[in-house]
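Trainee: need a 3D model of the sequence below.
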Amino acid sequence: MSVDPMAYEAQFFGFTPQTCLLRVYIAFQDYLFEMMLVVESVILKKLNGTPEDGVGPAQVRKGTEKFLLFMKEHLDKLFGRMEEVLLQLVLNIPKNVLLPEDRAHQQYPYSQEQFQALQEEVRELQQRCRAEAAAGQALRAELEEQAALRAELEKVLQWFDGLENICREHGTGSIKESFAFLTQNSRRLQEVLKDVAEKSKNIKRHDQLL
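Mentor: Residues are numbered from 1 along each chain as shown. As a prediction, this is how the structure comes out:
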């Protein structure tokens, strides 16, 4: 069996020529073994199971195995010649033949240095793509955050609008005046609370004296 890998032929056929020939050889060998078993069974039937001149099943099997070995040796020689012919004339792609999928290499030839430079450029482009993808993801996250903040601001504006409407309903001119009014009332309320607390302390002291 040839040791040449014949990679170009394997690219074209989809299998290596050596694999094809090996399967053909195994098929021939299996057929030879089956034929010898058939021949042996015919001989045994001719003998009718009774030995003649000292010939019995054991002798028939011995003769069959000897003849099988003889046939296998001749098969190996013939198949070796057939393999050479098939590998040279049938399963071989000439050196001047270019497969269709490899014509691009002929139209756009690249040296090893050019190919390495092209690979380096591809790696740089991949890194840029990953960086742009990460930047895009960060931008999307920022936009989502801005959208959430915008929604909260809209809620605050709606609250101010509602507060302004309430102020108008109660006769207050603007939100600023409303806050001033609330601040003034809050101070008055704090003074009243302090006054109540002082009076409560005085009452407790009076109760303790009684």
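Trainee: can you give the domain ranges for this structure?
Mentor: Here the domain assignment for the chain is 7-107, 114-172, 174-209, based on the TED database.
Trainee: deepest-packed of those domains, please.
Mentor: Most buried of the domains of the chain, by mean neighbour count (mean count of other C-beta atoms under 10 Å): domain 7-107, with a mean of 12. In short, each C-beta sits where N, CA and C put it, glycine included.
Trainee: follow-up on the earlier one: mind giving me CSV with the domains of the chain and columns for mean pLDDT?
Mentor: As requested, the domains of the chain are exported to CSV (pLDDT from 0 to 100):
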stretch, mean pLDDT
domain 7-107, 83
domain 114-172, 82
domain 174-209, 68
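Trainee: ok, Gly80 to Leu91 distance?
Mentor: Distance check for Gly80 against Leu91: by C-beta to C-beta, to the nearest Å, it reads 15 Å.
Trainee: could you do Leu99 as well?
Mentor: Distance from Leu99 to Leu91, by C-beta to C-beta: 15 Å.
Trainee: over to Lys201?
Mentor: 115 Å.
Trainee: and Phe28, by the same measure?
Mentor: Distance from Phe28 to Leu91, by C-beta to C-beta: 17 Å.
Trainee: again with Leu44
Mentor: For Leu44, the distance to Leu91 - C-beta to C-beta - is 42 Å.
Trainee: got a list of what the residue nearest to Asn92 when sequence neighbours are not counted touches?
Mentor: Distance criterion C-beta to C-beta, 6 or more residues apart in numbering; nearest residue to Asn92, sequence neighbours excluded, is Glu9 at 6.6 Å. Residues in contact with Glu9 (C-beta atoms under 8 Å, 6 or more residues apart in numbering) are 16-17, 91-93.
Trainee: same thing but at 7 Å, please
Mentor: Taking C-beta atoms under 7 Å, 6 or more residues apart in numbering, we find Glu9 in contact with 17, 91-93.
Trainee: and Glu65, by the same measure?
Mentor: Glu65 neighbours (C-beta under 7 Å, 6+ apart): none.
Trainee: mind checking the SS state of it?
Mentor: Put simply, Glu65 is helix when judged by DSSP: H, G, I helix; E, B strand; the rest coil.
Trainee: for the one 3 residues further on, same thing?
Mentor: The three-state assignment at Leu68 reads helix, by three-state DSSP.
Trainee: my guess is it meets Met35, correct?
Mentor: No - counting by C-beta atoms under 7 Å, Leu68 sits too far from Met35 to count as a contact (9.3 Å).
Trainee: just the helices in this protein please.
Mentor: Taking DSSP state H to define them, one finds helices in the chain at 7-13, 17-47, 57-85, 103-107, 112-169, 175-209.
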